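# mind folding the following:
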Amino acid sequence: MEREYSPEEKEVFLSVSMDKQEHDALMEDLSNILCTDSGRRYLWRLLSFCRVMDRSMDRDSLVMAFREGQRDIGMRLMKDIYEAEPNAYELMRKEHVKACEERKAAMDKARKQMEEDL
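You can find the predicted model right below:
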């Protein structure tokens, strides 16, 4: 015998189903962003602004609350990144380190050239 669902139960079921579909679509969108160099660079910069790896502690409770809000957004973004593409964060970190090394090498080269010109 098949159970009859009330209109309220049907509404809850449809809501949960729609939420899962929406979540899956958002994860696919994020996955598409993470498949591009520019998308990973942008998300890395956004995570940096969120100060995910920094402490939020401060003597001023308002500053601390603000920083904790930033971290909370960053942690949510990291959770979504890990869910959408589990290896993306490590790839973003490696790309960031490589870009920093390339910038440092270019600055060292320019500095050396300026010293030789003197």
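# now do the buried residues in the helix or strand bottoming out on mean pLDDT in the chain.
Least confident helix or strand of the chain, by mean pLDDT, DSSP states H and E, is helix 7-34 with a mean of 83. For helix 7-34, burial by neighbour count (16 or more other Cβ atoms under 10 Å) applies to Leu30, Ser31, Ile33, Leu34. (Each C-beta comes from the backbone N, C-alpha and C, glycine too.)
# again with stretch 100-113
Buried-residue list, stretch 100-113, by 16+ other Cβ under 10 Å: empty.
# what about that stretch, distance to the chain center?
Computed by Cα atoms, centre = their mean, to the nearest Å, the separation of stretch 100-113 from the middle of its chain amounts to 29 Å.
# how about the helices of the protein, start to end?
7-34, 37-49, 61-84, 88-117 (DSSP state H).
# quick one: which of these is nearest Arg55?
Across the helices of the chain, Arg55 has its closest neighbour in helix 61-84 (8.1 Å, Cβ to Cβ).
# quick one: that closest one to helix 7-34, angle?
90 degrees (axes from the mean of the first three to the mean of the last three Cα atoms, to 10 degrees).
# got a list of contacts for helix 61-84?
The set of residues external to helix 61-84 that reach it, using Cβ atoms under 8 Å, 6 or more residues apart in numbering, is 26-28, 30-31, 34, 43, 46-47, 49-52, 54, 56-58, 88-89.
# if we use 7 Å, what do you get?
27, 30-31, 34, 43, 46-47, 50-52, 56-58, 88-89 (Cβ atoms under 7 Å, 6 or more residues apart in numbering).
# of those residues, grab the buried ones for PyMOL.
Listed next is the PyMOL selection for buried residues among the contacts of helix 61-84, using 16+ other Cβ under 10 Å:
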select buried, resi 30+31+34+43+47+50+52+88+89
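# widest-spaced pair of the contacts of helix 61-84?
Ser31 and Asp58 (35.8 Å).
# who's in contact with Glu2?
Counting by Cβ under 7 Å, 6+ apart, Glu2 has no contacts.
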